[in-house]
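> fold the following for me, if possible:
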Amino acid sequence: MTRNLGSPLDLDWIEGARGDDREPGQSRAAPPDALTLAVHCMDLTSLNDNDTPEIIQRLCEKARSAKPASVCVFHRFVPEAVAALGDAGIPVASVAGGFPSGYPDLADRLEEIRQSVASGADEIDAVITRSLALESDWVGLYDEIRFIREAAGPAVLKVILAAGDLAAPNLIARASLVAMMAGADFVKTSTGREKVNATWPIGRIMTRSVRDYAERTGFRVGFKPAGGIRTAKDAVGWIELVATELGDEWLDPRLFRIGASSLLADIERALSRTDLV
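Numbers count the residues shown, from 1 in each chain. Below is the predicted model:
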């Protein structure tokens, strides 16, 4: 994956983004291997308050068999996940930096991210301070994400917008652009803890922002829907949305992830009823 180098903050571009004024791409059907693709693009996740090292061990055993894009855990479980995955070649993603609220002191959030990377996290999923976007403080949001980008170092950075809390299409579009300008490698819909998580309207706004950014800068940024994605049908729908809005080149774990905890079991059931392998 080519790292998104970011770009200077362009307030004119940001303020001009409306989030609902782009024509959709030509409707594309999911490829024949959509269910297998969904597994390989999945961030297999356990983010429960009652998680234990034993639960993370079982999650990693499941991952070694299924071969998802990554295993995603709380920052405190990164060492356990790294050890359990061993030489499987599956990255460890850490939700770090004040997840899911984004409210603790920024210095503490950044230190949590640094510790996750030092413990072996290959990817960081970090949530923004929602109030910065809600108040259209784009300079403040850009600076915050630049600090997060620096703290994440070599790790892939997925910036969580908590878009359901932002609600307004223009705010979702503008926050997406700011995150990409600040160096996000992925923009992610949700923490999974909002009242509204990954929805088709939010996905369309964010993928169109990703398309705008690629057309204008030449950098392809990834997209990750997360929260409430539980069925094989849900996964295929997201693959179709990405194919329609961004094209087949985005149907790759380097540019598309699905954040989910219970999705894998439903996909495995669906695969067992088909000849897809």
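> next helix or strand past the host helix or strand of residue 150?
Following DSSP states H and E, the helix or strand that holds residue 150 is helix 138-152. Scanning forward in sequence from helix 138-152 by DSSP H and E, the next helix or strand is strand 156-160.
> packing partners for the helix holding residue 150?
In terms of contacts (3 or more CB pairs under 8 Å, 6 or more residues apart in numbering; DSSP states H and E), helix 138-152 is packed against helix 11-16, helix 106-118, strand 123-127, helix 130-134, strand 156-160, helix 169-181. (Each C-beta comes from the backbone N, C-alpha and C, glycine too.)
> and these as CSV, adding mean neighbour count, mean pLDDT and distance to residue 257?
Shown next, in CSV, are the helices and strands packed on helix 138-152 (neighbours: other CB atoms under 10 Å; pLDDT from 0 to 100; distance: least, CB to CB, whole Å):
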stretch, mean neighbour count, mean pLDDT, distance to residue 257
helix 11-16, 13, 97, 25
helix 106-118, 18, 97, 17
strand 123-127, 28, 98, 9
helix 130-134, 19, 97, 21
strand 156-160, 27, 98, 7
helix 169-181, 26, 98, 15
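> which of these sits closest to residue 67?
Proximity to residue 67 (CB to CB) singles out strand 123-127 among those, at 15.9 Å.
> in its sheet, what does the closest one sit against?
Here strand 123-127 is paired, per DSSP bridges, with strand 92-95 (parallel), strand 156-160 (parallel).
> other residues contacting that strand?
Contacts to strand 123-127, defined as CB atoms under 8 Å, 6 or more residues apart in numbering, come from residues 43, 70, 72, 91-102, 109, 113, 116-117, 148, 152, 155-160, 162, 188, 191, 259.
> run the angle between that strand and helix 106-118 for me.
160 degrees (axes from the mean of the first three to the mean of the last three CA atoms, to 10 degrees).
> may I see the buried residues of stretch 240-251?
Neighbour-count burial for stretch 240-251, counted by 16 or more other CB atoms under 10 Å, picks out 240, 241, 242, 243, 244, 245, 246, 250, 251.
> and it, how far apart are its ends?
One end of stretch 240-251 to the other measures 9 Å (CA to CA, to the nearest Å).
> contact partners of it?
The contact list for stretch 240-251, computed with CB under 8 Å, 6+ apart, reads 24-31, 37, 41, 200, 203-204, 207-208, 210-211, 220, 222-223, 239, 255-256.
> give me that answer again for 10 Å
22, 24-31, 33-34, 37-38, 40-41, 200, 203-211, 214, 220-223, 225, 239, 252, 255-256, 258 (CB atoms under 10 Å, 6 or more residues apart in numbering).
> equivalent analysis for stretch 195-203, please.
19-20, 161-167, 169, 172, 176, 188-192, 205-206, 223-229, 234, 237-238, 241-242, 245, 258-260.
> returning to what we had before: can you lay out the strands paired with strand 123-127 as CSV showing distance to residue 184?
Formatted as CSV, these follow (distance: least, CB to CB, whole Å):
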stretch, distance to residue 184
strand 92-95, 14
strand 156-160, 4
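> residue 10 is nearest to which of those strands?
Closest to residue 10 of those, according to CB to CB: strand 156-160, at 17.2 Å.
> what packs against the next helix or strand after that closest one?
Going down the chain from strand 156-160, the next helix or strand is helix 163-166, by DSSP H and E. On a contact count with 3 or more CB pairs under 10 Å, 6 or more residues apart in numbering; DSSP states H and E, helix 163-166 meets helix 130-134, helix 169-181, helix 200-217.
> how far out from the middle of the chain is the helix or strand following the second one?
Under the assignment DSSP H and E, the closest C-terminal helix or strand after helix 169-181 is strand 186-188. On the basis of CA atoms, centre = their mean, to the nearest Å, strand 186-188 sits 4 Å off its chain's mean C-alpha point.
> what strands line up against strand 186-188, and which way round?
The strands beside strand 186-188 in its sheet (DSSP bridges) come out as strand 156-160 (parallel), strand 222-224 (parallel).
> can I get those in JSON lines with distance to residue 54?
Shown next, in JSON lines, are the strands paired with strand 186-188 (distance: least, CB to CB, whole Å):
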{"stretch": "strand 156-160", "distance to residue 54": "26"}
{"stretch": "strand 222-224", "distance to residue 54": "27"}
